[in-house]
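Q: Sequence and predicted structure are below.
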Amino acid sequence: MVKNAVSLLVGLLFCCVLGLTIQSSIASAEVVPGDILTIDNIGEKAKGLFPPSHLEWLKGYGKDLRIEVVETKHFTYSKGYREATEKYLGQVKLTPDGELLNWVAGQPFPEIDPGEPRAGVKVAWNFEKAYVGDDHYTAGWVIPIIDKQGNTRVIGASKYGWSVYKVSGRTDIPPIPEITPNPEGISHYTLIFIDKPYDIRGLGNLQIRYNDPKRRDDTYAYIPGLRRIRRLSAGQRGDAMFGSDMCLDDIHGYSGRIGENTYKLLGEQVILACTQPTYPEGVPFPMGFNVGRVMGMRDIWDKRPCWVLEFISKDPRYVYSKRIVWIDKECYHILYQEIYDRRGDLWKINQRWKNRSPWGGIEIAEDNCLLQHDLLSGSTTIGQLWGTRYNTNMPRSVFSLGAMSLRAR
């Protein structure tokens, strides 16, 4: 009886809360499925459905803008992730300084009261532990970097160019929930690799994250010009990556450690986002200065209930003073972001389009495209990913310094 009640609670939290929020918002918002938003009506009709800075950015698309609003579709998790959430429900706690305690696998906090004092850090931990499979890799990705004058440089990679491998918190591929022995307490590996252009071919980055929230990541870069691996300091995670508008901590919306910030839940907001894209997967966007304004702007969008969360850096020397992010309540991915400089002025904006990767009868939320725009320099970085594959049981040996060196050569 108790187990059935817990199962019902988890099911409701994962599947029904989003629907209830959507229904309540449709009653009060002007935009409904079937509406078409253009430059002529988006400012008035969609007011309140975008972060203000992003709405202003959208207006700049001019006649290229055509957003069709459709019914919201759910993202889903694997059976193993749902079962882990249920199994460990109630044992996960926060320490007085906001560290995660007794987490093993699954979503740490499936039920969050927005009125509780530490709701913000709970949302942050749900984001950190969002479902991404036990491993995944992309078949390819490209990143056009466009300066204010329209000059474009394109970098990219093929298979395994973006890969993640979990050692702890596993829910789908045995061994579950952890590969043992794991004496160092590794949480997961993240690998980024570049195949083009030729002058930086072989540039790679390997990040190792640990379960101990106080232990810093180990981050390594392979420098092809030197044919050497260099260990990066914590401060270098805020440096521009590959000459783009992004740093390592901007990956996935935010890839720094949760303990590096304090968190304040600013509220809840239903926003419009592109989470059902119709643009063919793997077909590169047309290059040119307007690519940053065309991408995803002639597609279908739906309403997504979000947490609005403020990340405030604990380090006054860090490149950003804070971030304000819009985190999807269902998949816990970042959809929109405002990034502020050390003086507290808005510096960059980030939008992320989501795809739905079918795996095992479910639809997993994944990055399809991203856009980061520097409001000061006027430059724009765009990312397009395709062919993401989940739970492939890829070899752990891919995530080693030796393998990174061999691939570069």
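A: Good, I have the coordinates.
Q: pLDDT weak spots in the chain?
A: Along the chain, segments meeting pLDDT under 70 span 1-29, 279-296, 408-409.
Q: Centre-most residue in it?
A: Centroid check for the chain by Cα atoms, centre = their mean gives residue 252 as the closest residue, at 3.2 Å.
Q: burial count for residue 111?
A: Neighbour count of residue 111, defined by other Cβ atoms under 10 Å: 12. C-betas here are computed from N, CA, C, even on glycine.
Q: does it count as helix, strand or coil?
A: Here residue 111 is recorded as coil under DSSP: H, G, I helix; E, B strand; the rest coil.
Q: That one and residue 325: what is the separation?
A: Here residue 111 is placed at a distance of 21 Å from residue 325 (Cβ to Cβ, to the nearest Å).
Q: Now do the strands in the stretch 51-200 of the chain.
A: Here the stretch 51-200 of the chain has its strands, by DSSP state E, counting those that start in this stretch, at 66-69, 93-94, 100-101, 135-137, 140-146, 152-157, 162-166, 186-193.
Q: Just list what the fourth one packs against, helices and strands only.
A: Using 3 or more Cβ pairs under 8 Å, 6 or more residues apart in numbering; DSSP states H and E as the contact criterion, the elements in contact with strand 135-137 are strand 162-166, strand 389-390.
Q: Tell me the buried residues in it?
A: Within strand 135-137, the residues scored as buried using 16 or more other Cβ atoms under 10 Å are 135-137.
Q: that older thread, does the residue nearest to the centre of the chain touch residue 327 like I think?
A: No - contact criterion Cβ atoms under 8 Å: residue 252 and residue 327 do not qualify, at 11.7 Å.
Q: Isn't residue 383 up against residue 141?
A: Yes - with contacts counted by Cβ under 8 Å, residue 383 reaches residue 141, the gap being 6.5 Å.
Q: Doesn't the residue nearest to the centre of the chain belong to a strand?
A: No - with three-state DSSP as the criterion, residue 252 is coil rather than part of a strand.
Q: quick one: it and residue 354, what's the gap?
A: As judged by Cβ to Cβ, residue 252 and residue 354 stand 12 Å apart.
Q: Find residues that contact each of those two.
A: Residues touching both residue 252 and residue 354 (Cβ atoms under 8 Å, 6 or more residues apart in numbering) are residue 367.
Q: in the stretch 301-409 of the chain, which spans are helices?
A: 401-408 (DSSP state H, counting those that start in this stretch).
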